[in-house]
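Participant: Predicted coordinates and the sequence they were generated for:
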Amino acid sequence: MKIGFYPGCSLEGTAREYNESLKEISKVFKIELEEIIDWNCCGATAAHSLNKDLALALPARSLALAEKQGFNEIVVPCAACYSRLFTAYSELNSEPEKLEKIKEIIQIDFKVTSKPINVLEFINKYIKPDLKDKIKNKINLNIACYYGCLLVRPPKLLAVERYEDPMIMEEIIKITGAKPLDWAFKTECCGAGLSVSKTDVVNKLSGKIIDDAINRKADIIIVACPMCQSNLDMRRKSINTYLNKKLDIPVLFITQLIGKALGLDSNKLGLQRHFVKVSPELFMQKGISSDSVSNKIGVEV
Amino acid sequence: MKILSGKIMNYKTLKIDNLDLFFNEIKKSGKNLLVPKKKGKTTYFSSFININDVEFNYIQTTISPKSALFPKVEELISFKKDDGTYVVTEPSIEKETIVFGLRPCDAVGLEYLSNFFLNEKSDFTVRLRKENTTLITLACKNFDENCFCTSVGLSPASIKGSDICLTDIGNGLFYAEIITDKGEKLIAEHSALFSNAEKINKESYVAQVPLKFDSDNLIKNIKNYYNSEKWTINSLPCLGCGACAFVCPTCTCFNIEDEANPVCGTRLRCWDSCAFGIFTLHASGHNPRPIQSNRWRHRVLHKFGYSVTNMDTLSCVGCGRCIRVCPAGMNIIEQILDLQEA
Amino acid sequence: MSDFEPKIIAFVCNWCTYAGADLAGTSRIKYAHNIRIVRFPCTGRIDFMLLLKAFQSGADGIIVSGCHPADCHYTAGNYHARRRWIVFQNLLNFLGIDTRRITFSWVSAAEGAKWGHLVNEVVDNIKKIGPYTEYAKLGKIGIGSISEGNYARIE
Amino acid sequence: MQELNNKIAELLTNNLVSIFISYKKGLNGKIKPAFFTKPNEVYENYFGDEAQQNLAVYVHKPEVKKYSKVGILANIFALKALLQLYAENQIKDNYLTIVTVNQDNKVIVFADFNEIESYIAQHQIEKNTNKQKEINELLSLSREKRWEFWVEQLSSCIKCYACRAICPMCYCSKCTVELNQPQWISVPAHSLGNFEWHIMRMMHLACRCINCQECSRVCPMNIPLHLLTTKINSDMEEEFGQIAGMKTTLDFALNTFKVDDYENFIR
Amino acid sequence: MSRIGVFVCHCGENIGATVDCAEVAKMAKDFPGVAFSIDYKYMCSDPGQTLIKEAIKEHNLTGVVVAACSPRMHEPTFRKVAAEAGLNPYLCEMANLREHCSWVHYKDKSTTLKAAELVRMLVEKVKLNTPLYPIKVPVTKTALVIGGGIAGIQTALDIANSGHKVIMVEKSPSIGGHMSQLSETFPTLDCSQCILTPRMVEVAQHPNITLYTYAELESLDGFIGNFKATIKLKAKSVDHSVCNGCGECSAKCPIKKIPDEFNAGLGTRPAIYVPFPQAVPNKPVIDRDNCTYFRKNGKCGLCEKICPTKAIDFSQKDEFITVDVGAVVVTTGFDIKGTDFFPEYGYGKYKDIITGLQFERLASASGPTLGEIRRPSDGKIPQNIVFISCAGSRDPAKGIDYCSKICCMYLAKHAMLYKHKVHSGKASVFYMDIRAGGKTYEEFVRRAIEEDEVNYVRGRVSRIYEKDGKLIVKGVDTLLNSYPVEIEADMVVLGTAGIANPESESLAQKLHISYDQYHFFAEAHPKLRPVETNTAGIMLAGACQFPKDIPDSVSQASGAASKVSALFSQNELTRDPLIAFVNKNTCVGCFMCQSVCPYLAIEKEKIKAKDGSVIREVAKINPGLCQGCGTCVALCRSKSIDINGYSHKQVYAEVMSLFNERSLEYV
């Protein structure tokens, strides 16, 4: 089975491990993610505050190309890309005049039939139903699921239930055996919008997130957005400096966690790329419970 | 019942190819020539423009030519306020009219109609129109299952009521019987187109319409039919529209309407139909013919009974238009046969 | 056509437009004299046949006006009227009747000025397009024998 | 046909109906309405493509109403008409037995109007694109040309009211044309009276007309009334999303409204 | 033959300066049917009126056209003049020469001609006017009050005290409503129950009031003065005529853990219960949904065994009674959004985030904590409490658009009550604006801020989360450079939005009254008829129309009561006869008119044969309900409905009188 794939810029740079792990777990479920040929920038985050037409035209072009390639659905792992593509998808579908204008701009005739889905929707639809049967390593960790902002917002557009306290990731990781935590910062801002201009704000905001996760005895934080991941992981050093603390909790993509549960190789899942080291012991000693299946593979980081 | 016939003054022939010329000459002379035309399923009479518009292929026109004498709406008088006083004018009909292509039954029908209007108190506008109208009948070569002229004492060869009667006798020739002075006058104006001819027997050139019912018997027994049960069951399909009356060449009922405001106005005579529920509705609210079967009976009995009593003639000429046009398939022949059967 | 003074008949509801026209009066707003107002309790009361009758009696233009949507004194008469006019307008247009001559509007009791503007605009517009005789003349088509233009086919 | 005849005979024999309205062949071969009151008359029954007339019109006829229980053979248009009439409170309970013959020549006797509603929903009548085309052509003409067209067409009207008589939806005991205080419709069949009559008829049929086009079929003057009915029907659907003869409830275009009904001409 | 009199008024210079009134009067003489025509300086003056009266008598006039100002101005005046001269007042019409002619046009011949034409139009109309007589409708002098909260209580007492009968229906086992749940009331801080309970008792004991508690309106038919209400009396399972209210049953009932509605879910109650100690009537009912006897097929029955008066009756059934009433007052109150509505405040998962109503119960001496402010989770006294106003209100994005109006005041009251009870505690209020409009309201809020040192923070709260047993309230202080604020609170009180009752829609449908987009009942006119509904004879009071505080509810209740009393002050109701009527002979009974009537004034009438069999059904206009809009008139295809004052004949004649002399060439 083939589904369209829109990686966006992050998945080729800071979030390579997201890309790798997503593809790895897809393979297990016999799903091929096929990249949209000649995709372009989604326009995040600046375009829509500067030029509405541009902000629509950019994602619309990728949607149009995907449609030409015959995809009904496109997996968009990055939350920012997803937000832009989905906004374009809904607006063009509900406002025919806008669609006419955009077709004029991008010079492609299309009907807006390719629907962008984020990784959580992708997992829910294609991975989750068979996940239980394919689990090889039960994950025995306390996990703080962090959603950030764009995966569940704006609520009127995405229609996510309980958008201030979503439970989508929690439901998924429960299947792997992990214990989701009730914590306060699931949808709080990580500061991504200011990650270049005001890093001290990012340090403060991301720091609070990490702090709360640790306070509530989380072993790891999982995310489904490259921006969240990079803020919580890459900036850990400056966060620690700023907070004058030593916070060492790893931040994994949900795909990596599922990969581990599926018994995939850590390197293939990109676990070695994290700034906050994911210690082999995490999964070795604590992570894999005694009742896990026999043909377990050792984790080397 | 006597066969209706007339006196023939003269016999001529006309080449069918010359019809175009004949029509154009009439038109050129400033007269109004009415010819059959076709629009969809409807054949009607309208002013001649071009020979190509003229319809020849019809058993019978959908609409009868009675409008030539008795239009659907006509002005009887009009008034206008002028300098504080009202000036009343009567209409004048100056233009001569020639109707071409009506069937022999229609000519009889128009004769009945003008007799009705010109009987005791001569109707002003009908008289004017009658005086100004020449009828050129076209004898029937074909008929259909709705034709029953022979059952009312007529035939496709009848010449009564016509001014000129044309019969297609083959070889591209019309045989013309000139019946009246008006006809004679018209032929004289276009004498170059007509050749002299001998009287011939038309029977072999016209349609042989089979007898549908015995009208003598009908007239004899008609008084007994008034209370027949057949009226109700036979009139069940009748929906009470005026189509039969309005296409009938002998229906003469009308209604007078005044349309006016304080400065000007007009008095109009419009066709009316005894099939309408409100036709006989009294101001008191009483209606002597409250249901459709009464109205249907009235129409049939008028054609075959009341007019015989009042005018010593049938007022049905067997053209079959009412049968063809009825939206609900009402058939006067079926009704008569049913009555006679009982 | 410079001396052509059109006749405009206005069908208005008592509560909004009639009152609006009253306000135009009390505010001494001047507008064209060609307008004749017929008062109705509500736009819902205005029978479409009356519009045809107005044309028959020689109106060159018609204004139909009532309360703005949601303002109806009787809560919904104007909504029903609106539907009626949508249907009527479409039908008249399909029949080739000159719908430029019918102006529908909402004029509230507070919009005296709007009423004045509306009347002037309609009068100017009708002056431009000329007298409306087409419809009233229908009363003469089809009268008399065939020779006088019965079945007035335009040939 | 035999199945239908048996069913009609059965209804008559068991006194389930006292009269059955169907079709038969007239003396001249024309198919016309038939009114069977005895089982031994049913052999005359005819049902086929030529059986066009919308028989629903007869349920209003006083002579028919005298029969306490009436059976009727209804084609799809008659069904739609009957449903609409039911919605308009014109059909008393236990008065009608409605029979139809479906596309597989199966005889169906409807138990109630809800069944008719669902039958109609399953048997949508395809839109006649030719007629829509004719309408679009007319609409593409200039206003003046359209006016000329209709003046020509309507001037020929002789006001025989066959269109009204044949229409199942025209059931008023006193039609507006019959009123003279005031004289809403000019009586004479001059063009003014004709325009008034046809405009009024269309307005009164708006979202009630089930578009069987019987009026157009029966017009002796061949006036294209189907253009008017088709136009008014498509308007109703486009403007208000409503089609007549589809439901048992009485919520039609002109007796309901939406707060956000769209128009672009009211100033 | 008509004999119409035309009276052209100069209105001083107002008409006379622009229109040649004498000429108009002269032209009018020639109009068909005009018997008398005259112009005069001021028709509305005494001599003017006398002139009209004398002309009517002298010339035996059958109709009058006064060509003067707008009928909206002087129609009543001149109709009265006509009546005084012995002419039916409805045979007088006015041509509007001032507002529609002289004031809007310049002096010109065309203006005079227009004036004459306006006169002609009205002459043609008035010729067809018919004498009309006011409609009289009998009045049943009993009012139905639906809802026994403070608004209902006040309405019932006011109506009853003016000498009319009242039937009060309350759906819960006791009257009292939300007000009985409140602790103290702003702005006086007097005890709510202390001022309410005497009135509750008064209702129960008033000879003119029949009280049905544990009852609901089932249906309402009829029209103003003549309603028929069917009331469902829910089975109480206790014979109140026998019960002495000893309370043994409640004490012994084995089911104890039912969340207590009266305590807003903070306490519990048994299955057989009296809602609160001061309830009226103070006798229990069995909550069948929670009673073991009813849930488990007759097991238990303990109360029956111990009842000293044998009042328990498990076999009781719901009962329906029908009453005749002349007016209805709807006082069904309101509801509030629950804490589970707020995603950012944890969807109701934190026990110590409570609603204002719950706080009322905590602060109330009769509440679950006997008036001590203790937090629900662990019963500790909160040392730091946060109040959040506009919780759900004024929030078009995810709450409701409107301001719930009462929250600012009750949160200020709460903060004060808290400070009075927990002297060491710290209270903060997050607000958008403080809306303290009302007598001594602003002073009250200032007292909270200044005397009781409540910390008012202008800003909204974006999130509350729980951390180490504290509720972290994250907000912003927009007065301090929009700096984020975080408060570690022990308890949070939300001033949740006041919303319509969930049953309001179905009740509105039963009553045939309209409601707004938020399902609050709609008043007939927002400014001029705020206590009436569009359905004549049905009034509104209290928070069912919109959230309002006690003084507003009480004053609206008195307003509604006075409307009812005014209605009941006459034996018959007089209504303007400008209403529609049906011609039974031509009506075909399609009943399309029914659905266009906004007043549900059209009924079905059966035309019967002599043997009683129904021939057909026709429409019938209820003159008590019809308001005369005429929408049905224009809709009726067979023109079987007509309307007085704007009849088919009249409007037709008006239009046709405006014929155009230029183009109407019939000749």
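Facilitator: Received, thanks.

Participant: wait, what's in contact with the most centrally placed residue in chain E?
Facilitator: Against the mean C-alpha coordinate of chain E, by CA atoms, centre = their mean, the closest residue is residue E:540 at 3.1 Å. Residues near residue E:540 by CB atoms under 8 Å, 6 or more residues apart in numbering or on different chains: E:329-331, E:521, E:523, E:530-533, E:556, E:560. Every C-beta, even on glycine, is put in place using the N, C-alpha and C of the backbone.

Participant: can you do 6 Å?
Facilitator: Applying CB atoms under 6 Å, 6 or more residues apart in numbering or on different chains, we find residue E:540 in contact with E:330, E:521, E:523, E:531, E:533.

Participant: between those residues, which has the most around it?
Facilitator: Compared across the contacts of residue E:540, residue E:330 has the highest neighbour count, 28 neighbours, by other CB atoms under 10 Å in any protein chain shown.

Participant: Please give me every residue in contact with that one.
Facilitator: By CB under 6 Å, 6+ apart, the contact list for residue E:330 reads E:146, E:540, E:544.

Participant: hmm, back to that, so which of the contacts of residue E:540 is the closest to chain A?
Facilitator: Nearest to chain A among those, counting by CB to the nearest CB, is residue E:521 at 29.0 Å.

Participant: For the closest one, give the beta-bridge partners.
Facilitator: Counting by DSSP bridges, residue E:521 is bridged to residue E:515.

Participant: hang on, isn't it packed against residue E:545?
Facilitator: Yes - with contacts counted by CB atoms under 6 Å, residue E:521 reaches residue E:545, the gap being 5.4 Å.

Participant: Next, count neighbours for residue E:599.
Facilitator: Residue E:599: 20 surrounding residues under other CB under 10 Å.

Participant: what sits against it?
Facilitator: The contact partners of residue E:599, by CB under 6 Å, 6+ apart, come to E:625, E:627.

Participant: For my notes, confirm it occurs in a strand.
Facilitator: No - read with DSSP: H, G, I helix; E, B strand; the rest coil, residue E:599 is coil and lies in no strand.

Participant: What values do phi and psi take at it?
Facilitator: phi -110, psi 10 (degrees, to the nearest 10).

Participant: picking that back up, with distance to residue D:229 added, can I get the contacts of residue E:330 in a markdown table?
Facilitator: Formatted as a markdown table, the contacts of residue E:330 follow (distance: CB to CB, whole Å):
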| residue | distance to residue D:229 |
| --- | --- |
| E:146 | 49 |
| E:540 | 47 |
| E:544 | 48 |
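
Participant: Find the closest residue to chain B in the stretch 251-400 of chain E.
Facilitator: Counting by CB to the nearest CB, the stretch 251-400 of chain E gets nearest to chain B through residue E:324 (39.5 Å).

Participant: How much space separates that residue from chain D?
Facilitator: Remark: distance between residue E:324 and chain D (CB to the nearest CB, to the nearest Å) = 29 Å.

Participant: Not counting residues beside it along the chain, what's closest to that residue?
Facilitator: Spatial nearest neighbour of residue E:324, chain neighbours left out: residue E:140 (4.8 Å); criterion: CB to CB, 6 or more residues apart in numbering or on different chains.

Participant: Per-residue pLDDT of residue D:4, please?
Facilitator: As predicted, residue D:4 sits at a pLDDT of 90.

Participant: Can you list the buried residues in the helix or strand hosting it?
Facilitator: Element membership for residue D:4, per DSSP states H and E: helix D:2-13. By neighbour count on 16 or more other CB atoms under 10 Å in any protein chain shown, the buried set for helix D:2-13 is D:4-5, D:7-9, D:11-12.

Participant: Mind giving me the packing neighbours of that helix?
Facilitator: Applying 3 or more CB pairs under 6 Å, 6 or more residues apart in numbering or on different chains; DSSP states H and E, we find helix D:2-13 packed against strand D:107-109.

Participant: Now do the buried residues in the strand it packs on.
Facilitator: Residues D:107-108 are the ones in strand D:107-109 that count as buried (16+ other CB under 10 Å).

Participant: what's the spacing between it and its chain's center?
Facilitator: On the basis of CA atoms, centre = their mean, to the nearest Å, strand D:107-109 sits 21 Å off its chain's mean C-alpha point.

Participant: Kindly report the residues of the stretch 151-267 of chain D close to chain C.
Facilitator: Applying CB under 6 Å from any CB of the partner chain, we find that the stretch 151-267 of chain D lies next to chain C at D:152, D:155-156, D:184, D:190-192, D:195-196, D:202-203, D:206, D:231, D:235, D:239, D:254, D:257, D:261, D:263, D:265-267.

Participant: So which of the residues you listed are in helices?
Facilitator: D:152, D:155, D:191-192, D:195-196, D:202-203, D:231, D:235, D:239 (DSSP state H).

Participant: which one of those residues is nearest residue D:64?
Facilitator: Using CB to CB, residue D:202 is the member of these that sits closest to residue D:64, with 26.9 Å.

Participant: What's the per-residue pLDDT of that closest one here?
Facilitator: Model confidence at residue D:202, given as pLDDT, is 95.

Participant: So what's the residue count around it?
Facilitator: With other CB under 10 Å as criterion, residue D:202 counts 21.

Participant: Quick check: residues of chain C near chain E?
Facilitator: Residues of chain C that fall close to chain E, judged by CB under 6 Å from any CB: C:7, C:9, C:21-22, C:24-25, C:28, C:30-31, C:33, C:36-38, C:40-42, C:44-45, C:47, C:50, C:53-54, C:57-58, C:74-77, C:80, C:133, C:136.

Participant: Any of these buried? List them.
Facilitator: Buried subset of the residues of chain C next to chain E (neighbour count, 16+ other CB under 10 Å): C:7, C:9, C:21-22, C:24-25, C:31, C:33, C:36-38, C:40-42, C:44-45, C:47, C:50, C:53-54, C:57-58, C:74-77, C:80, C:136.
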